[in-house]
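[1] Have a look at this prediction, sequence included:
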Amino acid sequence: MLAYVFRVVTVLSVLSFVGACSSPGLDDVNLVASKVNMRTLTQGENTAVVTFGTGKLSDGGAVLWVEKDAAFWVKDGVVYTVNDIAKTLAPDLPAAPEGITYQAVYDVVDEKPVR
């Protein structure tokens with residue numbers, strides 16, 4: 001799997017995502033990116049670089065927003081929050097089912113935060 005790095009550009013409050021490459025994990029990243037609080041992406045700047053790690057987890061897709069350490073899980077077109085950071089960024093999303101944990105997401109994604 002490849003990590004996805006996006007350049008986020010704000011134009012009249014519209015954000016456009018340009019993926020570094022194309023692969024099945026990109027669909028999961030696009031779903032997550034469409035659900036999170038977009039203002040947190042740019043933090044008041046006109047542009048920002050955002051990195052997402054992806055991987056397969058329990059018949060779904062794990063997505064980790066690396067800069068925020070926010071974990072999401074995607075299954076059947078539904079995005080779930082996995083940790084409190086993700087829930088803060090996307091409060092209207094449902095919580096992931098039991099067994100889908102931050103550690104499980106962290107273990108399978110191809111890009112991780114520096115610790």
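    Structure's in. What do you need? Residues are numbered from 1 along each chain as shown.

[2] Run through the neighbouring helices and strands of the longest helix along the chain.
    The longest helix of the chain (DSSP state H) is helix 24-35. Helix 24-35 is packed against strand 4-11, strand 47-57, strand 60-65, strand 70-75, strand 78-81, with contacts defined by 3 or more C-beta pairs under 8 Å, 6 or more residues apart in numbering; DSSP states H and E. No exception for glycine: its C-beta is placed from N, CA and C like everyone else's.

[3] Output the contacting helices and strands for the longest one.
    In terms of contact count using 3+ C-beta pairs under 8 Å, 6+ apart, strand 47-57 is assigned the packing partners strand 4-11, helix 24-35, helix 39-42, strand 60-65, helix 102-108.

[4] What average pLDDT does the fourth one get?
    Put plainly, it is strand 60-65. Across strand 60-65, pLDDT averages out at 94.

[5] and it, which strands flank it?
    Using DSSP bridges, strand 60-65 pairs in its sheet with strand 47-57 (antiparallel), strand 70-75 (antiparallel).

[6] Kindly calculate the angle that the first one makes with helix 24-35.
    Pointing back at strand 47-57 there. 120 degrees (axes from the mean of the first three to the mean of the last three C-alpha atoms, to 10 degrees).

[7] What is the neighbour count of A71?
    Residues near A71, counting by other C-beta atoms under 10 Å, number 29.

[8] Over to I100?
    20.

[9] how near is it to T54?
    Distance from I100 to T54, counting by C-beta to C-beta, to the nearest Å: 15 Å.
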